[in-house]
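Asker: sequence and predicted structure are below.
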Amino acid sequence: MISAPHRILVVDDEVDTCANLSDILTDLGFQVDVAYDGPSALKLVKEKTFDVALLDLKMPGMDGLELYRRIKALQSGTVAIVVTAYASSNTANEALAAGAWKILSKPVDPAKLLTLVDEAVEQPVVLIVDDDQDLCESLWDLFRERGYRVCLAHDPFDAVQRLEQRQHHVVLIDMKLPSGSGAEVFRLVRKANPQARTVLVTGLRSEMEQLVEQTLSEGADAACYKPFDIPDLLCTLGRLTKHE
Amino acid sequence: MFTDGFGTTTQAKLMPWDKIYQLYQELQRYVGWTDDDAKRVGGISELIEPHIVALIDDFYEEIDRHPEASKVITGGAQQVARLKQTLRGWLRDLVAGRYDKDYVSRRWRVGLRHVEIGLSQVFTNAALSRLRRGLLETLERVWTGDAKELLAIRGSLNLLLDLDLAIIEDAYQTEFSQRQQRSDRLAAIGQVAGGVAHELRNPLNVVKTSVYYLLNTRSPAPAKVQQHLERIERQIGLADRVITALSDFARLPVPELHPVSVPLCLKEVLELNPLPTEITVISHYPENLPSVLGDVRQLQIVFSNLVRNARDAMLPQGGSLTITAQPSDGDVEVIIADSGTGIPRENLERIMEPLYSTKARGIGLGLAITRSIIEKHGGGLHVASEPGVGSRFTVRLPAVSG
């Protein structure tokens, strides 16, 4: 369904490490960018969309934890694999708590790393378009836990940018946004990510019913009402992405 | 104080009892203790004996009122009963009139035991004071003889208790500092392990991924293969340097002192540690600079460490490294100043500690080795730094006289 080559960001202050990971991943058909420090990595993240980021934990200046936090704020759909030379470290655990996916210890077993990268790029991508930031963050944790990559947008403008960055498998659309309606976002999704499945979301069931019905008739796949019935929401997501 | 038994660990320990007894005898002479004192104290044992139980009960009732002291009693009534038995033995021993090596070793063990159970030494002092008062009051109450004789006995008893306290305290301090050293050493090993792990796993990581590439890539270009092999070699060199630094530190040889020309030594150091173009080097060496007395290989380590630190503090922005050498009071002063990030005041005191590092790469041995070498040369290392402005390391080495 998504055929563009996957893009991977490698960040390590050890130049040789970057070169090796780049060689191995490039050989397997990935597009690889490398950065030797946090600020240059962030510059790349602002320019390109990465599926996976391999982050060294201990780097001079900005460490891997801080870097991941900033990457997440810019591109929450990037899956982070953190690499550390310390078998057990508090910072590594903090990185996991911040949303990084896996911790690998150095020396990295490349076969294991590649398995993880393959798994990460196969994870379905969900875009949540909702102006409620707290809700977005809770859903991010919830969906991430279930093996989805989660992108966030808080208004139609944001949503357009996200839709241009990559193909999403499912888009959750809040029907009432501060600067536009969900129906409008639905049409944008149709245009930018025609293969994406859509779930309409609203907390104002009676007020929005007509608009929801109309959008469903235009081709939206499902509607969910706030407060969410979480198992039901996850079930819908699983059905639409064929993801167990 | 006065705890039960002598813990198994203490019992197993081989203590230098002869030395401890010598110390005790030394202290006896110091306070003017004589055999007459021993006879006087020994003479009251029968007078005191009927009152020992009351003294002991008073003692433990008091402990009960002090949570910090009573918290070390964790075994309930049974333990208190045992402790009372021990105290009874201690009191009988005190007035038995025999202050030999066995007596002293029993006193010493009290101090050891206090460290084991974590009883603060302040309670030993307070407890002994309470017992002293109890003993003296009891003696006064039951004494029927000559008042002058009583005064003399009181004096002897006080001396004896002071000696007891001194020996218990000595035991406490000796044991405490030994334990402290052991735990410091363990902490240091942990720190070394962490630093070494990081410094070795990074090169291993490169080697492992290069090997993977060489084994798994479908028809890699010969240039690529060459590149990976060179990378492996380079990283093995880095790993080896980590081990060299460690063993250098662990077994720094005694310096072989010969006249060394500081400008020549620095020239070699700068050749061995090429600086990037972002860094400008300015050197000032006066023509009549005397040679220093040193081990040229070790002095190279000293200056290499300082130059590399200066470089790291100035990158990536760059800056200027100023090296000045000048005669000073029979010494030669070498000042290595950079225009780098500087060292925050709170780190300044710690930078020469082994295993202290603020760099992402590094075990934290550089400055510790540097200082150790300079000290073995009879010189000194001084640092001044201002965050945002730079750091200035001054090495003083003895000049060749004449």
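Answerer: Yes, it's here.
Asker: quick one, strands of chain A?
Answerer: A:7-11, A:31-35, A:52-56, A:79-84, A:102-105, A:125-129, A:149-153, A:170-174, A:176-177, A:180-181, A:197-202, A:222-225 (DSSP state E).
Asker: what is the burial count for residue B:351?
Answerer: Here the number of neighbours of residue B:351 (other Cβ atoms under 10 Å in any protein chain shown) works out to 20. Every C-beta, even on glycine, is put in place using the N, C-alpha and C of the backbone.
Asker: that one looks like it's in a helix, true?
Answerer: No - looking at residue B:351 with DSSP: H, G, I helix; E, B strand; the rest coil, it is coil, so not inside a helix.
Asker: for it, what are its contacts?
Answerer: By Cβ atoms under 8 Å, 6 or more residues apart in numbering or on different chains, the contact set of residue B:351 is B:343, B:367, B:383.
Asker: got a list of what the second one touches?
Answerer: Yep, that's residue B:367 we're talking about. Applying Cβ under 8 Å, 6+ apart to residue B:367 gives the contacts B:305, B:309, B:351, B:352.
Asker: now do it against chain A, distance only.
Answerer: For residue B:367, the distance to chain A equals 18 Å [Cβ to the nearest Cβ, to the nearest Å].
Asker: just the pLDDT at residue 106, thanks.
Answerer: Using chain A. We have a pLDDT of 89 for residue A:106.
Asker: wrong one, chain B
Answerer: 92.
Asker: tell me which helix or strand the closest residue to residue B:33 other than its chain neighbours sits in.
Answerer: Excluding the flanking residues, the one nearest residue B:33 by Cβ to Cβ, 6 or more residues apart in numbering or on different chains is residue B:159, at 5.5 Å. Using DSSP states H and E, the element containing residue B:159 is helix B:147-216.
Asker: from the chain's centroid, how far away is the following helix or strand past that helix?
Answerer: Downstream of helix B:147-216, the first helix or strand assigned by DSSP H and E is helix B:222-250. On the basis of Cα atoms, centre = their mean, to the nearest Å, helix B:222-250 sits 34 Å off its chain's mean C-alpha point.
Asker: just confirm residue B:277 is within a strand.
Answerer: No - assessed with three-state DSSP, residue B:277 is coil; it does not lie in a strand.
Asker: residue contacts, it?
Answerer: By Cβ under 8 Å, 6+ apart, the residues touching residue B:277 are residue B:318.
Asker: for it, phi and psi?
Answerer: Backbone torsions of residue B:277, given as degrees, to the nearest 10, read phi -70, psi -20.
Asker: quick check: the gap between it and chain A.
Answerer: Distance from residue B:277 to chain A, by Cβ to the nearest Cβ: 18 Å.
Asker: now swap in residue B:104 and tell me
Answerer: Taken as Cβ to the nearest Cβ, the span from residue B:104 to chain A is 48 Å.
Asker: looks to me like that residue is in a strand.
Answerer: No - counting by three-state DSSP, residue B:104 is located in no strand; its state is helix.
Asker: lowest-confidence one in the contacts of residue B:351?
Answerer: Of all these, residue B:367 has the smallest pLDDT value, namely 87.
Asker: so which strand or helix has it?
Answerer: Residue B:367 belongs to helix B:366-376 when assigned by DSSP H and E.
Asker: nearest residue to the residue in the stretch 51-200 of chain B that chain A sits nearest to in space, please, no chain neighbours.
Answerer: Closest residue of the stretch 51-200 of chain B to chain A, Cβ to the nearest Cβ: residue B:198 (4.2 Å). Spatial nearest neighbour of residue B:198, excluding adjacent residues (Cβ to Cβ, 6+ apart): residue A:85 at 4.2 Å.
Asker: for the one you found, give me its contacts.
Answerer: Counting by Cβ under 8 Å, 6+ apart, residue A:85 makes contact with A:57, A:58, A:105, A:106, B:197, B:198, B:201, B:202, B:205.
Asker: gap between the residue lying closest to residue B:263 once chain neighbours are set aside and residue A:61?
Answerer: Spatial nearest neighbour of residue B:263, chain neighbours left out: residue B:285 (4.4 Å); criterion: Cβ to Cβ, 6+ apart. Here residue B:285 is placed at a distance of 35 Å from residue A:61 (Cβ to Cβ, to the nearest Å).
Asker: which of those two has more residues huddled nearby?
Answerer: A side-by-side neighbour count of residue B:285 and residue A:61, using other Cβ under 10 Å, places residue B:285 first with 17 against 12.
Asker: give me the phi and psi for the more buried one.
Answerer: When read as degrees, to the nearest 10, the backbone of residue B:285 gives phi -130, psi 120.
Asker: the one 5 residues further on now?
Answerer: The phi and psi values for residue B:290, taken as degrees, to the nearest 10, are phi -70, psi 160.
Asker: enumerate every residue touching it.
Answerer: With contact set as Cβ under 8 Å, 6+ apart, residue B:290 has these partners: B:327, B:332, B:399, B:400.
Asker: most neighbours, which of those residues?
Answerer: residue B:332 (24 neighbours).
Asker: pLDDT wise, what is that one at?
Answerer: 96.
Asker: SS state for it?
Answerer: Residue B:332 - assigned by three-state DSSP - is strand.
Asker: so what sits opposite it in the bridge?
Answerer: On the basis of DSSP bridges, residue B:332 is bridged to residue B:327, residue B:397.
Asker: look up how far residue B:66 lies from it.
Answerer: Taking Cβ to Cβ, one finds residue B:332 at 60 Å from residue B:66.
Asker: so where does residue B:61 fall, helix or strand?
Answerer: When elements are assigned from DSSP H and E, residue B:61 belongs to helix B:52-64.
Asker: now that helix: average pLDDT?
Answerer: Regarding helix B:52-64, the rounded mean pLDDT is 89.
Asker: contact partners for the spatially most central residue of chain A?
Answerer: Residue closest to the average C-alpha location in chain A (Cα atoms, centre = their mean): residue A:77, at 1.4 Å. Applying Cβ under 8 Å, 6+ apart to residue A:77 gives the contacts A:49, A:125, A:127, A:149, A:150, A:151, A:166.
Asker: closest to residue A:18 among the contacts of residue B:290?
Answerer: Nearest to residue A:18, judged by Cβ to Cβ, of the contacts of residue B:290 is residue B:332 at 43.9 Å.
Asker: surely the closest one touches residue B:324?
Answerer: No - checked against Cβ atoms under 8 Å, the pair residue B:332 and residue B:324 is beyond contact range at 10.8 Å.
Asker: what touches both of those two?
Answerer: Common neighbours of residue B:332 and residue B:324, using Cβ under 8 Å, 6+ apart, do not exist here.
Asker: where does the stretch 151-300 of chain B have low pLDDT?
Answerer: Regions of the stretch 151-300 of chain B meeting the criterion pLDDT under 70 cover residues B:251.
Asker: now do the helix holding residue B:61: which elements does it pack against?
Answerer: helix B:67-70, helix B:76-94, helix B:121-142 (3 or more Cβ pairs under 8 Å, 6 or more residues apart in numbering or on different chains; DSSP states H and E).
Asker: quickly, which of the ones you listed bottoms out on average pLDDT?
Answerer: Ranked by mean pLDDT, the helices and strands packed on helix B:52-64 bottom out at helix B:67-70, with a mean of 80.
Asker: what's the separation between residue B:320 and chain A?
Answerer: Residue B:320 is 21 Å from chain A, where distance means Cβ to the nearest Cβ.
Asker: how long is stretch A:142-155 end to end?
Answerer: 21 Å (Cα to Cα, to the nearest Å).
Asker: let me see the backbone angles for the residue nearest to residue B:198.
Answerer: Per degrees, to the nearest 10, the backbone of residue A:85 is at phi -90, psi -10.
Asker: measure it to residue A:108 for me?
Answerer: Distance, residue A:85 to residue A:108, using Cβ to Cβ: 10 Å.
Asker: next: residue B:125.
Answerer: Here residue B:125 is placed at a distance of 58 Å from residue A:108 (Cβ to Cβ).
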